[in-house]
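*Asks:* build me a structure from this.
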Amino acid sequence: MTSACDIRYCTHDAFFSIKEVDIGMAADVGTLQRFPKIVGNDSLVREFALTGRNFSASEASKIGFVSRTFDSRASMMSLALDVAKKIASKSPVAIQSTKINLNYSRDHSVHEGLQNQINWQGFALQTEDLMTAAMASADRSGNTIPKFKDI
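*Replies:* Numbering: from 1, shown residues only. Below is the predicted model of the structure:
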């Protein structure tokens, strides 16, 4: 399930595993589809998936499975909430378009990704979000907080 997250943080004492093999089944819910693309090491993915071996927060960070590790749950949650608030303050159209294009481009060529981006930008440019964000960015004092409509 963790491989389905957009951003992954953990504490230094966390561990991860692909344990389904230990209960007689192949990993489901997208682990075997996402995890290899996240870490980019087929041999290591096969080791984890075929053995059910735990891997530490340090190893997860080293292979790129998590973005950051923290000394405490409190510091991790504080940063995670700050990041979530920052993302939530952005244009919903921009966030949704970014996520869709990142996911699409992960599974397609650069050319196909660029073509998909053109289609999404055509949609995004027709929303009020672009003007709202541009007006807020023009305020050099940084005091203007853009207010976006829900999607």
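*Asks:* can you name every helix or strand that the lowest-mean-pLDDT helix or strand in the chain contacts?
*Replies:* Taking mean pLDDT, DSSP states H and E as the measure, the helix or strand of the chain with the lowest value is helix 129-138, at a mean of 76. Under the contact criterion of 3 or more C-beta pairs under 8 Å, 6 or more residues apart in numbering; DSSP states H and E, the helices and strands touching helix 129-138 comprise helix 92-106. In this view, the C-beta of every residue, glycine as well, is placed from N, C-alpha and C.
*Asks:* contact partners of the following helix or strand past the helix it packs on?
*Replies:* Remark: after helix 92-106, the chain's next helix or strand is helix 110-124, criterion DSSP states H and E. Residues outside helix 110-124 that contact it (C-beta atoms under 8 Å, 6 or more residues apart in numbering): V93, A94, S97, I100, N101, Y104, S105, H108, L130.
*Asks:* between these, which sits nearest F148?
*Replies:* V93 (7.8 Å; C-beta to C-beta).
*Asks:* of the contacts of helix 110-124, which is the most crowded?
*Replies:* V93 (22 neighbours; other C-beta atoms under 10 Å).
*Asks:* what score does that one have for pLDDT?
*Replies:* If you check V93, the pLDDT there is 85.
*Asks:* so it touches Q126, yeah?
*Replies:* No - if you go by C-beta atoms under 8 Å, V93 and Q126 don't touch, sitting 9.4 Å apart.
*Asks:* count of neighbours near the nearest residue to G30 once chain neighbours are set aside?
*Replies:* The shortest distance from G30 to any residue other than its chain neighbours is 5.7 Å, reached at A4 (C-beta to C-beta, 6 or more residues apart in numbering). For A4, the neighbour count with other C-beta under 10 Å is 12.
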